[in-house]
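1. Give me a 3D structure for the following:
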Amino acid sequence: MARDEVTVRQVRGSALLDAYLERREALIRYLTARSGSRVQAEDLVQDVYLKIGALSDADVAQVLNPNAFLYRLATNIFLDRIKQEHRGQRRQSDWRVAHVSVVGADDISQDPPADDAAWAREKLGRVLAALELLSPSCRRAFRLHKLEGLSHAETAQAMGISKSAVEKHISAALKRLLIEVGWP
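-> Next up is the predicted model:
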């Protein structure tokens, strides 16, 4: 940016910046009254300053009443913050409903502990690897019966083999899993 452009921007923005600097404490009091927290009000007023700094020259040129603009901007930032907090609280509440049970005064997580989940993922990986060692017909019989919940008779019908053949495939699959993965 050329030196002249910086000077023009500084001159154009000076009325708004001057109004901000003059009204800063009043803005803090205004937002403290609405938020109930001076610390939060100071953060919001800092956000007002950042928004002013991000305005283009064209936007600054359109501001006819800097004081009214500052209060409107501060109010909008405050309302956006409230909406953001409410969305966060709703997300937290929705997550809590989905993942936590309340027993007495205690919250009980429905999710397994992280180490149990990691152990289960590792075990699943070993089961899947062991299933790959089975013959295709043995693997299909196991999948249909154990994973899809078909009975031995339904599995036999789906595969076009006898019920005793399905029982042998399931037995062989379980033996292989016991050898490769262990119990439980």
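2. Residue 24 and residue 45 touch, don't they?
-> Yes: if you go by C-beta atoms under 8 Å, residue 24 and residue 45 touch, sitting 6.2 Å apart. Where C-beta positions appear, they are placed from N, C-alpha and C, glycine not excepted.
3. More neighbours: these two, which one.
-> Ranked by neighbour count (other C-beta atoms under 10 Å), residue 24 and residue 45 place residue 45 first, with 25 against 16.
4. Tell me the helices and strands packed up against the strand or helix carrying that one.
-> With secondary structure defined by DSSP states H and E, residue 45 is part of helix 38-54. Helix 38-54 sits against helix 3-35, helix 66-99, with contacts defined as 3 or more C-beta pairs under 8 Å, 6 or more residues apart in numbering; DSSP states H and E.
5. Report the separation between the residue nearest the centre of the chain and residue 78.
-> Taking C-alpha atoms, centre = their mean, the centroid of the chain lies closest to residue 91, which sits 8.8 Å from it. If you measure residue 91 against residue 78 using C-beta to C-beta, to the nearest Å, the figure is 21 Å.
6. Then residue 141?
-> Distance from residue 141 to residue 78, by C-beta to C-beta: 65 Å.
7. More neighbours: these two, which one.
-> Just comparing residue 141 and residue 78: by other C-beta under 10 Å the higher neighbour count belongs to residue 141, 28 against 20.
8. What number of residues are in the vicinity of residue 140?
-> Residues within reach of residue 140, counting by other C-beta under 10 Å, total 18.
9. Ok, residue 19 next?
-> Count around residue 19 with other C-beta under 10 Å applied: 18.
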